[in-house]
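Student: Test case, fold it:
(2 chains)
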Amino acid sequence: MKVKLFFRKIGSFIVTKEILEDKKLSILLYKYFLIGLLIRLTLLPFFFQRDILSTYQRAAQTVFGGVLGADFQQFVTHIIHSAYLFAIKPFIPALENLSGILLNADSWASWIDFNNFQFVYRTLALFKFPYLILDIACMFLVMRLLYDTQPLKRLKVFKYWALNPLVIFVTYLFARHDIIGICVTIVALLLAKYRKKYWAIVVIAVAIAIRFFPIMILPLLIIYLARKKRDYIILFSIGIAGLIGIETFSHLYFGRSVIFSLLNTQHFDYMLSAKLDLIIHDAIFIFIVAYIILLLSFLHQKKKTFTLFLSYCGAVYLLYVSLCYFHPQYLMWAIPFIILIFVRKNSLYYYHLAQFCLLMLVLIYWGDLVTKFIFAPVDIRYALYSTGIIPIINRFYNPVKFVNIFRSVFTAVSLWMIYLIYRDNRDSQLADRGVGN
Amino acid sequence: MDSIKKKSNFIKIFIICLMVIFLLTGMGCKGLFFIPGASYGYYVWEDKQDSIHIQWSIDRRESEFNGWVATDGKISNYDLLEWEAEDKVGINSEKNKIEFDAALSENDYSDEIVVSVTDYSYLEFELKINDGYDLSRTNLGEFLNSPDGGIFKIEKGYFDNLKKVPWYQKHPWSGFFYKLSTDILFTLIFIFILGIVAIEIIRITIIRRNRKYNWYLILLYGVLILVDFGVYLFLTKLSFI
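Tutor: Numbers count the residues shown, from 1 in each chain, chains lettered A, B, ... in the order given. All right, here's what the predicted structure looks like:
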């Protein structure tokens, strides 16, 4: 009896009490989980994009070469990968071969050697395994963000994450590590939900240290959590503490600034990519304008509910991919927020699917590295010498125009999604007022 | 209604599978699939009339393709397809060697020579791109079936013999199965885990309320063990190179 109770408690902890007590819902949840897991496991050993190799190459410099600061711009992520690489060493046969491949400074040669490595499938599965664990954690955490008394809606949120094509593509085909930062961000959001305001800000600071994207929602989180003017100062200070901590460490250990190094990377320029040139030196950065408008709009909301806050976060990330140059994994940051709205507004889900399809077309222009080379572990010669998508398009039409037509449609769809989110917020507020009256 | 829906889904899945197989094997009706003006390299194959086709293509860039084809027999005839005025071709007086020098450009997608050869035991080739060898871009009868050297010979009946090569020794399958076979322990564990997840899906959806639940479960695990064993035999008893 005690054993049964123990497992019930664990079950409640994982899938929530409401879902566990409803047999039909718990079976459905188990089914979605298994289908999602099957897809993820199938893709785990066979595909990757060059970036994961670079991440582990830097980790190898720490593990095999003793260079701690191989990636000082993403230091926390680097340490996580280094520690993990150290831990999985016993599970990789021919480790000397792998370390030689990872430590090869010639990135093209190391990529070819890695694809030809006889244990490449095992290595890739191990490399991506922590992403799978964190992805599963996200599945169960994200459904707790909203709909406390509505287990069916929570189940839908779970389904939208477990079977989300973008999550699967970015994490298992593209093999990007954004899931680490996203998981920590969701934990921060859950803490915010339960009004653990200081802990929420501390955890989001950790998320910022892992990946810089949560910094976009930090002001929204502070506005949501702050009740007094003093709160703004305290929360903002804690919020940027992670960044300051990394900056201090960077100065002490590497003797250079991580913040200015990041500001000078092309990635920061992506944010400024859409601009309106006025005259002489004067220009307006469109994303910054739109972002500040969103921020002010949230600031002036009278009733800042948690649902509203999450909607604004989703809108921020959608805005980013709409107006700025971006990489496919950046869109994944919108997923934890927009899937919560899919439950209320199903049409938004179809627009998200359209977004994903359009992204697959926009992706083409990044070339072989993000298209046919993803399949290189299957057969590198086939990936190298088969005809790429750009030459095929170029045979019939200008590929830049082709891709940018779809890029424009992508932007239109994303902006329309923001509008739908705004409308959903407005409808919810009107309904609340109606109930209130 | 449900059965019609299921049937249409099945047809859709079948068509998608066919398309995937077609793309993966890279096969066309001539044994080689390529897109003139997009694909890059030489493509050599034999047609039903035993004529040898040598076609080249590049992704709309200025490039020069030159070389020769020689034989111990006689070149009875040759045809030039998509040939331009500046492109050169010549046959020697013994009629056993044909030389060519042809350029491709942004709007000149490909050129082709079709050679009819009689009484021969071999064909010898030298196929250059921009005055150099790019052997991986020379495809003999099949995509990525490349020669070992710059000047290479193929025996009569080479293309017929090529058809006898089993599918698992052809790209991309050969590379895929080779790596799976070199890490057999990982492969078997991986398939077993995938199988367990798949059985769980079947268990909670199809057989959950069946009276013979336990029997079906034992049967499914039996099938999984058989599949794993079959994979083991396939990967260890066959050669993929």
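Student: Please, where are all the helices along the stretch 101-250 of chain A?
Tutor: Ranges of helices in the stretch 101-250 of chain A, per DSSP state H, counting those that start in this stretch, are A:107-116, A:120-142, A:151-162, A:165-168, A:178-193, A:197-210, A:218-225, A:229-239, A:241-253.
Student: Lowest average pLDDT across those helices?
Tutor: Comparing those by mean pLDDT, the weakest confidence falls on helix A:241-253, with a mean of 78.
Student: Show me what it is packed against.
Tutor: Taking 3 or more Cβ pairs under 8 Å, 6 or more residues apart in numbering or on different chains; DSSP states H and E as the contact definition, the neighbouring helices and strands of helix A:241-253 are helix A:75-88, helix A:197-210, helix A:258-263. For every residue, glycine as well, the C-beta is placed using N, CA and C.
Student: Report the contact partners of the one residue in chain A that gets nearest to chain B.
Tutor: Using Cβ to the nearest Cβ, the single residue of chain A nearest to chain B is residue A:379, 3.2 Å away. Taking Cβ atoms under 8 Å, 6 or more residues apart in numbering or on different chains as the criterion, residue A:379 is in contact with B:171, B:172, B:173, B:174, B:175, B:176.
Student: before we move on, the earlier item: point out the most buried one among the helices and strands packed on helix A:241-253.
Tutor: Counting by mean count of other Cβ atoms under 10 Å in any protein chain shown, helix A:197-210 has the highest mean neighbour count of these, with a mean of 22.
Student: any idea of the angle that one forms with helix A:229-239?
Tutor: 30 degrees (axes from the mean of the first three to the mean of the last three Cα atoms, to 10 degrees).
Student: where does chain A come near chain B, residue by residue?
Tutor: When proximity is defined as Cβ under 8 Å from any Cβ of the partner chain, chain A approaches chain B at A:27, A:30-31, A:34-35, A:37-38, A:41-42, A:45, A:93, A:118-122, A:125, A:375, A:377-382, A:384-387, A:391-392, A:394-395.
Student: Just to be sure, which of those residues are found in helices?
Tutor: The helices in this structure, assigned by DSSP state H, contain A:27, A:30-31, A:34-35, A:37-38, A:41-42, A:120-122, A:125, A:380-382, A:384-385, A:391-392, A:394-395 from the residues of chain A next to chain B.
Student: what ranges do the strands span in chain B?
Tutor: Secondary structure of chain B (DSSP state E): strands at B:41-46, B:52-57, B:63-71, B:74-81, B:88-91, B:97-104, B:110-118, B:122-129, B:138-140, B:151-155.
Student: To chain A, which of these lies closest?
Tutor: Go through the strands of chain B one by one with Cβ to the nearest Cβ and the one that ends up closest to chain A is strand B:41-46, at 7.3 Å.
Student: any idea of the mean pLDDT in that closest one?
Tutor: Across strand B:41-46, the per-residue pLDDT values average to 95.
Student: and what of stretch A:263-273?
Tutor: 78.
Student: Between the two ends of that stretch, how far is it?
Tutor: For stretch A:263-273, the separation between the terminal residues is 14 Å (Cα to Cα, to the nearest Å).
Student: quick one: low-confidence parts of chain A?
Tutor: For chain A, the stretches flagged by pLDDT under 70 are A:1, A:242, A:435-437.
Student: Nearest to residue B:189, out of the helices of the stretch 101-250 of chain A?
Tutor: The stretch from the helices of the stretch 101-250 of chain A with the least distance to residue B:189 (Cβ to Cβ) is helix A:120-142; that distance is 9.4 Å.
Student: Can you name every helix or strand that the closest one contacts?
Tutor: Taking 3+ Cβ pairs under 8 Å, 6+ apart as the contact cut, helix A:120-142 packs with helix A:23-43, helix A:50-63, helix A:75-88, helix A:151-162, helix A:178-193, helix A:335-344, helix B:173-182, helix B:184-205.
Student: okay, the angle between that helix and helix A:50-63?
Tutor: 100 degrees.
Student: what angle separates helix A:120-142 from helix A:23-43?
Tutor: 150 degrees.
Student: Okay, buried residues for helix A:120-142 please.
Tutor: By neighbour count with 16 or more other Cβ atoms under 10 Å in any protein chain shown, helix A:120-142 contains the buried residues A:120-128, A:130-132, A:134-136, A:138-142.
Student: Stretch B:44-53 now?
Tutor: Here stretch B:44-53 shows B:44, B:45, B:46, B:51, B:52, B:53 as buried, counting by 16+ other Cβ under 10 Å.
Student: Need the max-distance pair from the residues you listed.
Tutor: The span of those, defined through Cβ to Cβ, is set by B:44 and B:51 at 11.6 Å.
Student: just to revisit the earlier point, just the buried subset of the residues of chain A next to chain B, please.
Tutor: Buried among those (16+ other Cβ under 10 Å): A:30-31, A:34-35, A:37-38, A:41, A:45, A:119-122, A:125, A:375, A:377-382, A:384-387, A:391-392, A:394-395.
Student: burial of residue A:283, as a residue count?
Tutor: Residue A:283 has 12 neighbours, counted by other Cβ atoms under 10 Å in any protein chain shown.
Student: same deal with residue A:268?
Tutor: Using other Cβ under 10 Å, the number of residues around residue A:268 comes to 12.
Student: what's the nearest residue to it if we skip its chain neighbours?
Tutor: If you skip the residues right next to it in sequence, residue A:268 has residue A:262 as its closest partner in space, 6.2 Å away by Cβ to Cβ, 6 or more residues apart in numbering or on different chains.
Student: coming back round to it: could the helices and strands packed on helix A:120-142 be laid out in JSON lines, adding distance to residue B:226?
Tutor: What follows is these, written out as JSON lines (distance: least, Cβ to Cβ, whole Å):
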{"stretch": "helix A:23-43", "distance to residue B:226": "20"}
{"stretch": "helix A:50-63", "distance to residue B:226": "35"}
{"stretch": "helix A:75-88", "distance to residue B:226": "31"}
{"stretch": "helix A:151-162", "distance to residue B:226": "30"}
{"stretch": "helix A:178-193", "distance to residue B:226": "36"}
{"stretch": "helix A:335-344", "distance to residue B:226": "39"}
{"stretch": "helix B:173-182", "distance to residue B:226": "18"}
{"stretch": "helix B:184-205", "distance to residue B:226": "10"}
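Student: quick one: contacts for residue A:238?
Tutor: Residue A:238 makes contacts with A:198, A:201, A:202, A:205, as judged by Cβ under 8 Å, 6+ apart.
Student: To clarify, my last question referred to residue A:363.
Tutor: Residue A:363 neighbours (Cβ under 8 Å, 6+ apart): A:328, A:370, A:371.
Student: Of those - the most surrounded one?
Tutor: Within those, most neighbours by other Cβ under 10 Å means residue A:328, with 22 neighbours.
Student: what does chain B have sitting close to chain A?
Tutor: In this structure, chain B approaches chain A at residues B:26, B:34-41, B:59-60, B:109, B:136-137, B:143-144, B:171-176, B:179-180, B:182-183, B:186-187, B:190, B:193-194, B:197-198, B:200-201, B:204-205, B:208, judged by Cβ under 8 Å from any Cβ.
Student: Got phi/psi on the residue in chain B sticking out farthest from the centre?
Tutor: Within chain B, the residue lying farthest from the chain centre (Cα atoms, centre = their mean) is residue B:211, at 48.3 Å. Taking degrees, to the nearest 10, you get phi -70, psi -30 for the backbone angles of residue B:211.
Student: Look up how far chain A lies from it.
Tutor: Distance, residue B:211 to chain A, using Cβ to the nearest Cβ, to the nearest Å: 19 Å.
Student: and what of residue B:156?
Tutor: Counting by Cβ to the nearest Cβ, the gap from residue B:156 to chain A is 27 Å.
Student: Run a quick check on that residue versus residue B:120, I expect a contact.
Tutor: Yes - under the criterion of Cβ atoms under 8 Å, residue B:156 lies in contact with residue B:120, with a separation of 6.0 Å.
Student: for whichever helix in chain A runs longest, which positions count as buried?
Tutor: Assignment by DSSP H gives helix A:399-436 as the longest helix of chain A. Buried positions in helix A:399-436, judged by neighbour count with 16+ other Cβ under 10 Å: A:399, A:402-403, A:406-407, A:409-411, A:413-414, A:416-418, A:420-421, A:424-425.
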